[in-house]
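Engineer: The amino acid sequence is not available; the structure is as follows:
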């Protein structure tokens, strides 16, 4: 499956990898880094940079902070999810607090994911 890769976002993606949020660091270092399938951090797809992407599962994992819960941000995230789903990807979102306070629950959800 072809996913558009925007080379113009590579520099920004590298910056984001170096400056992950606390929740992104926790999920990465305590789980996804050693996940049974390869996972990419801060991966450019189309005109977006997704937090985590697992090509084998066609899965995008987004970790949302408080800024994602404004009306405009929720509409943007909805449109972004719709576009990513158009490429055959499944997008799952978790709040920062959920990752920081309940990593075991997040792991259970990811482990229970059935790819298309």
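Structural biologist: Ah, there it is. These numbers were taken from a predicted model, which means no experiment stands behind them. Numbers count the residues shown, from 1 in each chain.
Engineer: and residue 100, how many neighbours does it have?
Structural biologist: Close neighbours of residue 100, defined as other C-beta atoms under 10 Å, add up to 17. From N, CA and C alone the C-beta is placed, and that goes for glycine too.
Engineer: Against residue 65, how distant is it?
Structural biologist: 11 Å (C-beta to C-beta, to the nearest Å).
Engineer: What of residue 35?
Structural biologist: Residue 35 is 22 Å from residue 65, by C-beta to C-beta.
Engineer: that older thread, could you please give me the overlap between the contact lists of residue 100 and residue 65?
Structural biologist: residue 23 (C-beta atoms under 8 Å, 6 or more residues apart in numbering).
Engineer: mind checking the SS state of residue 26?
Structural biologist: Under DSSP: H, G, I helix; E, B strand; the rest coil, residue 26 falls in the helix class.
Engineer: from memory it sits against residue 101, does it?
Structural biologist: No. Counting by C-beta atoms under 8 Å, residue 26 does not reach residue 101; the two are 10.1 Å apart.
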